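**Student:** Mind looking at a prediction? Sequence and model below.
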Amino acid sequence: MISVEQFAKDADQWFAEHTPRDVGFMMPLTFMEVGTEQQFEFLRDWQRQVYEAGFLGAAWPSEYGGGGLTDAHQAAATKVMRKYEVPIMMNTIGLSWAGPLILDIGSEAHKQKYIKGILSAEDIWCQGFSEPENGSDLGNAQLRAVRDGDDYVLNGSKIWTTHGNFGKYMILLARTNPDAPNKYAGLSFILTPMDVAGVETRKIKKLTGEHGFTQTFFEDARIPADGLMGREGQGWKIAMQTLEYERGARGGQAGGYSITEPDPLEILNLARDTRQLNDPVVQDDLLDYIIDAQAVNLNQQRAKIGPLMRDNPAGLPLMDKLVKTEFAREINQYALTLQGTRGAYYVDEPNAFDKGLWHRSYLNAFSATIGGGTSQIQRNIIAEHVLGLPKSY
Amino acid sequence: MISVEQFAKDADQWFAEHTPRDVGFMMPLTFMEVGTEQQFEFLRDWQRQVYEAGFLGAAWPSEYGGGGLTDAHQAAATKVMRKYEVPIMMNTIGLSWAGPLILDIGSEAHKQKYIKGILSAEDIWCQGFSEPENGSDLGNAQLRAVRDGDDYVLNGSKIWTTHGNFGKYMILLARTNPDAPNKYAGLSFILTPMDVAGVETRKIKKLTGEHGFTQTFFEDARIPADGLMGREGQGWKIAMQTLEYERGARGGQAGGYSITEPDPLEILNLARDTRQLNDPVVQDDLLDYIIDAQAVNLNQQRAKIGPLMRDNPAGLPLMDKLVKTEFAREINQYALTLQGTRGAYYVDEPNAFDKGLWHRSYLNAFSATIGGGTSQIQRNIIAEHVLGLPKSY
Amino acid sequence: MSFNPQALGRLGITEEQVELMDVAENFCRDKSDIATVRAQLEGVRGFRQDDWTAIADLGWLGIAIPEDFGGVGLTLAEVVPVVEQMGRRMMSLPFLSTTLVAQALLTGGTESQKAVYLPKIASGMVATLALSELNGAYDLNDITATAEKTSDGFKLSGQKILVQNLDAAELVLLSAKLDGKTSLFVFDANLIAASARRREKLIDETKRSYEVSLAGIVLPATCLMDADKTIVTLAHIDLCGNLLGSAELVGATQTCLDYTLEYLRTRKQFGKLIGAYQALKHPIVDAYIGYEKARSLLYAAAHSFDEQGKREVATRMAKVAAGRALSFAADRSIQFHGGFGFTYDCDAQLYRRRAIFHDSQYGDTRWQKKQLARLLFN
Amino acid sequence: MSFNPQALGRLGITEEQVELMDVAENFCRDKSDIATVRAQLEGVRGFRQDDWTAIADLGWLGIAIPEDFGGVGLTLAEVVPVVEQMGRRMMSLPFLSTTLVAQALLTGGTESQKAVYLPKIASGMVATLALSELNGAYDLNDITATAEKTSDGFKLSGQKILVQNLDAAELVLLSAKLDGKTSLFVFDANLIAASARRREKLIDETKRSYEVSLAGIVLPATCLMDADKTIVTLAHIDLCGNLLGSAELVGATQTCLDYTLEYLRTRKQFGKLIGAYQALKHPIVDAYIGYEKARSLLYAAAHSFDEQGKREVATRMAKVAAGRALSFAADRSIQFHGGFGFTYDCDAQLYRRRAIFHDSQYGDTRWQKKQLARLLFN
């Protein structure tokens, strides 16, 4: 087996040569922001190239299309990708959610059928967890799946379906038993083809003006029952497991990366470019962001140091989402105030600073302050689970 | 009758001569802040002088000790007092609450007995409305008054009693009928002597370190029933009436003034004195206060212009308390940050800026953000009564 | 320092203001419901010619133009309630730029320019301003475009950005350096060839603007405005822009709040109306307070606008308060609409974009405060 | 500009820190309950001699003094957890000033001064600093007190303020201009006559300070510290003061939050626990987040304190965060305690006063940010 060092070297050489630059349109920063056909085609092709060069799925079994190497190999390649800030991997739901799950608990047939298409980006996967009327609690999912012979018949709707419009398959959380003893026990997890009668997707236009999610409607949609993962009623447990793959809390992802995290302190460059960095008032404002960014960074270091975490062990982990997402919203918002008259511009305007990135990032920041439990709900959680305050009712 | 012009001229001359300067101790800015015996004695004496010179109670009937002139005369004198920033009138509860009420609805005996002592400050009045456990809703008052022959027997407790420790008489809101159809209908309004057995006052030390209120305890205290104002059960209505005198929403006050409203924008002088006014960051901060102060001022002007008040007629009046009291808290708090190392000092320290006034005003500001319905409750009121949002429960 | 808030602007209202407020309220509500607004977003022009004709017929374009020049002979104080109502309904007409050009002509136009253009504006000619440049500066004197005197006029070079509604405009007011001094020119929009124009992409999709390349444009000699009045004219444009911008912001804030309140009053989560949660309720109260403060400051600025010595302070304060009010209200509106707030269909984004746009027009909060500091602390 | 947060301070902990944290937590809790703290408020000294003796016996006064001078030989990183626990219990000992004098001697004392004073400090001598003057400046170089060389020493003139715990102190470190240059002197507190001292009234009633009139004081020649090291010594005092001040603030914030939370968990209003109201709950969450951030920044500053190039940035950031955290938490604590919050009996005021006091010590938020701007943007 090739050494990790050599593999890293090969990767470095390959990405140095092949990383695309200046593609002429705005590259999505996260897999959730792939909005146009142009972006989609480009990123799909890019993923295929990376896969064919051997730097994606390197640790996945070779019999299904993977590289047959180790996690260390893949990690080394992924690190190189970050170094070169390569475009993100298109098929993230497949690479980080569906794929690891199928390799973990799928049948031999599942593996044969799905893995290679995930890696090559031939088969795009989408995610069907949230529902329109059921808030941020996935356990409330009501989409109904009724077993009928070798099929499930689906009725209901999913929203915020990432890649719904591109997806060939969906990982679906559905209710197979409405009479289960509790809401979680009635759920099942099903690999669902999207190209069947009765499935329709409607693109959601985001407040940024771009597409990036769909709402998906199921009306008597008939799908093969062999897509069931685990057993009926295990859907909640399996959904939580996929979230762990996605968060990297559990190994098995194909590698690559799906979110470019821009350094928020790039705002200092913006302030310099806009000739505002010498303004004492701006300096005073920027220092708040710098100190806050540093605090967030240090909180993460401290969370790993036991003796410094004794008083409120759950505090730092539970505040992490709130603090980071509100920080992102605020710093991007502030960035707009540095741009003078050119703050009037938006994405795709050549006269805009940084291609309108700050405007777009500000608007997109709401996906994180709203999605996955709003900032208001996060405060409730911290109050109740860390500070012992009574529930708000 | 002397002309208003001449009266104003006389007043101007008198106050020019007699207004005390540099008394050697901190003068209370409001009648609620009279904390020390020294302050009390001084202010009581000052009020008597003003009264004897004819500039207090000028519009009250001469048969009870007033000046027998008109409201216009008194208004002219009061204006002169403001001009010379004379010390406040000590006996404010008497001058602005009890006195007007007694003249309005009291018996001849009441008038003979009380009015002159109010004007001369011989008889200090205190106010007994709030109770310890009954929040900011005066309608919940539980202090019990039971009629027994020619007496009432009082049991219970009042808190935040302004001038409780100086008071000879109290205006008391008491429950005479616990079985009334609603909580308001069971209340009565009684003029109560404080120097009877069973009445005890305990000074409350404020967070400023000063005294200024008391808690008052009534244990089988027996008082003459002829102190009842109006009839039993009219207490709520009469209490609201006294609040209207106090707010100047209804005429009849003796005049003088009881609160020195320091110009919040004196903070600009502080910034100059502390050599901070040239700091662009400080300028930027101060402008927020200046703009806010101006908005508050303009809101008040606008509230009187019908066509500019059509959309939310209750909005400006209902936000007034919240906006002003939070502004006071914030600007006084900010003032502390202008003082460098000398911000460490407090009232009575010669090295403190402005005699420690800003520190004290900041701490005292909480009386207004808490008392009379906290800022949090004010926001509920605006949300529910102006914006039509549902009740928080 | 003694500080007298009375000196910073006072409040009052004229009968004409009340009347215009009523007419404008009804007109804008009827002509510009939100569906109509959204229908214009993708269009090239961004507004309906019929609406423009209608407001010309109502006399709005001449409110602050003297009767001698075909106007109504009132002041900007009477224009403010009209713009407020337009802002309230997000009505996107080239009213601001046209009004500003009229004001600029009144202040710094030659007699002949006034006589020729003002009556036309009053009766419906669209006009626009070519002042901004790629340096992004709010300071209208901070420009590099140049005009070179030739035998029969002026040869322009350089570039302008953010020229609003140029496609609809018949008249353009432009700033350029002539012999090193900022000068103003007013001329027929046709002098800018189609090839010299590029439509720009704006954050506020109800608005339209163009980048203009000046190279090759030659203006007739009569286009030059009164050279002695350039400074005062630019200052006047700046303040008028801020005053009317504040009016548009205040109007938009009102609707943004109404829209959000409606959602908070009717949407349930966990079985309870979300407006009952103080986490949403109290910030909206704060947003509402910000709106009312901005409104008071706006009317004071309008009322004081003809009083030299008060107008600049009052106007800049109004802009600070109005910009903040809409930014905060709309930011919270997106958040409090939850998942729906993240969609394009939710109107909250329209208001948030509007607020960002106005920050770019004649100066944002920080800029206004710097000018106020100069006025009040020096 | 490329900006690497790693360069601004890193986080870590030593075994000694953990050990001291445990010992200090128990000691301070046992010795300084809130009733004990309040009992000292009116006293002249403001602390109990027994407690001072006890911490001397525990070796705390020598933690950061090398073993050669009778100390423990650790660093300020190990002093931080001790001060944090003192702050947490509002324990008012002259620990900060004594530690700062020791640090100043280590940096800028002559060999003989170190040899004489450091062992005494390590074993319990109270020391204090006479640096501040009536100009209120945070800049320790901005002074006007003077020392004039005489045949056998230095004759002082001028005035110092905010000399903490002078009544208890045996040793004083003073700054004065000598031949126009700031110089430092260290001397026996007895040289300041009783008549030259005036007790000052402080906002933080757990603290004690004095105004000192220098006229007539003559110091022996041996009192002058190393003249070449004045600048670096003052800078060291400044940063040590900010580091330990931050520790005191962070500790106090923890208790302020605990105290407030206890009330929110148990007090009912309108039949409901007030902690269930989001209007109180969410600001307290924000206060808690501010506390945890300040704590992380504090430990990073402690950990980086011996790394030149990181320590100043890390320390000033910690002070900004710590000052804000306690100011906000205590301000809200007063408010959320309602009527009781307005009384002296409610502890919230103790914490609010503490925060105000610390702003006056070695620079408040705005001052620290100005220094950070100098360090990071120039």
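**Tutor:** Here it is on my side, so go on.

**Student:** Okay, helices next: where are they in the stretch 101-250 of chain C?
**Tutor:** C:111-122, C:230-266 (DSSP state H, counting those that start in this stretch).

**Student:** what about the closest residue to chain A within the stretch 1-150 of chain C, neighbour count?
**Tutor:** Distances between the stretch 1-150 of chain C and chain A by Cβ to the nearest Cβ are smallest at residue C:136, namely 3.2 Å. C-beta here means a position set from N, CA and C on the backbone, and glycine is covered the same way. A total of 24 residues lie near residue C:136 under the criterion other Cβ atoms under 10 Å in any protein chain shown.

**Student:** tell me the domain ranges of chain C?
**Tutor:** C:5-125, C:128-227, C:231-377 (automatic domain parsing).

**Student:** could I get the ones you listed as a markdown table with distance to residue D:162 and mean pLDDT?
**Tutor:** Formatted as a markdown table, the domains of chain C follow (distance: least, Cβ to Cβ, whole Å; pLDDT from 0 to 100):
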| stretch | distance to residue D:162 | mean pLDDT |
| --- | --- | --- |
| domain C:5-125 | 36 | 94 |
| domain C:128-227 | 44 | 97 |
| domain C:231-377 | 30 | 96 |
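
**Student:** Out of those domains, which one sits most buried?
**Tutor:** domain C:231-377 (a mean of 23; mean count of other Cβ atoms under 10 Å in any protein chain shown).

**Student:** how far out from the middle of the chain is it?
**Tutor:** Taking Cα atoms, centre = their mean, to the nearest Å, one finds the center of domain C:231-377 at 13 Å from the center of the full chain.

**Student:** distance between the ends of that domain?
**Tutor:** 23 Å (Cα to Cα, to the nearest Å).

**Student:** Also stretch A:84-94?
**Tutor:** 23 Å.

**Student:** In it, which residues are buried?
**Tutor:** Using 16 or more other Cβ atoms under 10 Å in any protein chain shown as the test for burial, stretch A:84-94 gives A:86-94.

**Student:** By mean pLDDT, which helix or strand of chain A comes out lowest?
**Tutor:** helix A:235-246 (a mean of 86; mean pLDDT, DSSP states H and E).

**Student:** List the pairing partners of the strand ranked longest in chain A within its sheet, with orientation.
**Tutor:** Longest strand in chain A by number of residues (criterion: DSSP state E): strand A:211-224. Partners of strand A:211-224 in the sheet, by DSSP bridges, are strand A:151-162 (antiparallel), strand A:199-205 (antiparallel).

**Student:** Of the ones you listed, which stretch is the most buried?
**Tutor:** strand A:151-162 (a mean of 22).

**Student:** what's the offset of that strand from the middle of its chain?
**Tutor:** 20 Å.

**Student:** now do stretch A:6-24
**Tutor:** 23 Å.

**Student:** Mind listing what's buried along that stretch?
**Tutor:** Applying 16+ other Cβ under 10 Å to stretch A:6-24 flags A:7-8, A:10-12, A:14-15, A:19 as buried.

**Student:** and what of stretch A:336-348?
**Tutor:** So for stretch A:336-348, counting by 16+ other Cβ under 10 Å, buried means A:336-347.

**Student:** So which residues lie in contact with stretch C:175-185, not counting its own?
**Tutor:** C:104, C:108, C:130-131, C:140-141, C:143-149, C:154, C:156, C:158, C:173-174, C:214, C:219, C:223-225, C:227, C:230-231, C:233-234 (Cβ atoms under 8 Å, 6 or more residues apart in numbering or on different chains).

**Student:** Kindly report the residues of the stretch 251-393 of chain A close to chain B.
**Tutor:** A:279-281, A:284 (Cβ under 8 Å from any Cβ of the partner chain).

**Student:** SS state for residue 28?
**Tutor:** Since you didn't name a chain, this refers to chain A. The local conformation at residue A:28, judged by DSSP: H, G, I helix; E, B strand; the rest coil, is coil.

**Student:** Secondary structure class of residue A:190, three-state.
**Tutor:** Classified using three-state DSSP, residue A:190 is strand.
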